[in-house]
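Visitor: Sequence plus predicted model, see below.
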Amino acid sequence: MTTQTPSRLRDRSGTREAAVSSVHCTISDMATEFGVSLRTLRFYEDRHLLQPVRRGTARLYSTTDRARLRMILKAKELGFTLSEISDLMAGSHQTGAPLDLNLRPEQILSQISLLERQRLGLEHAIGELRATHARLAAVGASAHVA
């Protein structure tokens, strides 16, 4: 005697399965598409920045997760911390705004100021390293001459 699943459940299951596979991608697909590591994606999930669907141990990312990852990477490129990114994303979610940075003018000016200070610090560090390298190269050259 065979047991059959009611067609209603079978149809739903088949439809859901097709829908999930057509709009979701795997963690490997996401990593490849965005040029990030699997560890990075898992870390973002741990920080609740991404919320993939779980099927067993598999993670399936939706188009919303892809948009969120795009936003995370753009915000990181602009120098925002993950805490700031989390706040930006929460604000975007609460307002119903599309997944975009939606930065306020004062946030933009504050970030520009921070990046300029960081740039000055980096330029100073590079100058120090170049001077140290030149000094060491000069010492090394004079040691070979003697």
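Guide: Sure thing, it's come through.
Visitor: and Leu101, what does it touch?
Guide: 71, 74-75, 78, 88, 92 (C-beta atoms under 8 Å, 6 or more residues apart in numbering). From N, CA and C alone the C-beta is placed, and that goes for glycine too.
Visitor: residue boundaries of the helices in the protein?
Guide: Using DSSP state H, the helices of the chain run over residues 7-23, 27-34, 38-46, 63-77, 82-95, 105-145.
Visitor: Check which helices and strands the second one sits against.
Guide: Other elements packing on helix 27-34 under the criterion 3 or more C-beta pairs under 8 Å, 6 or more residues apart in numbering; DSSP states H and E are helix 38-46, strand 58-61, helix 63-77.
Visitor: Name the stretch among the ones you listed that sits most buried.
Guide: Of all these, strand 58-61 carries the top mean neighbour count, a mean of 18, counting by mean count of other C-beta atoms under 10 Å.
Visitor: Could you identify the most distant pair in the contacts of Leu101?
Guide: Leu78 and Ser92 (14.8 Å; C-beta to C-beta).
Visitor: about what we covered before: using CSV, please lay out the helices and strands packed on helix 27-34 together with mean pLDDT and distance to Val139.
Guide: Converted to CSV, the helices and strands packed on helix 27-34 look like this (pLDDT from 0 to 100; distance: least, C-beta to C-beta, whole Å):
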stretch, mean pLDDT, distance to Val139
helix 38-46, 96, 42
strand 58-61, 93, 54
helix 63-77, 93, 40
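Visitor: of all the ones you listed, which lies closest to Ser28?
Guide: Closest of the helices and strands packed on helix 27-34 to Ser28 is helix 38-46, at 7.2 Å (criterion: C-beta to C-beta).
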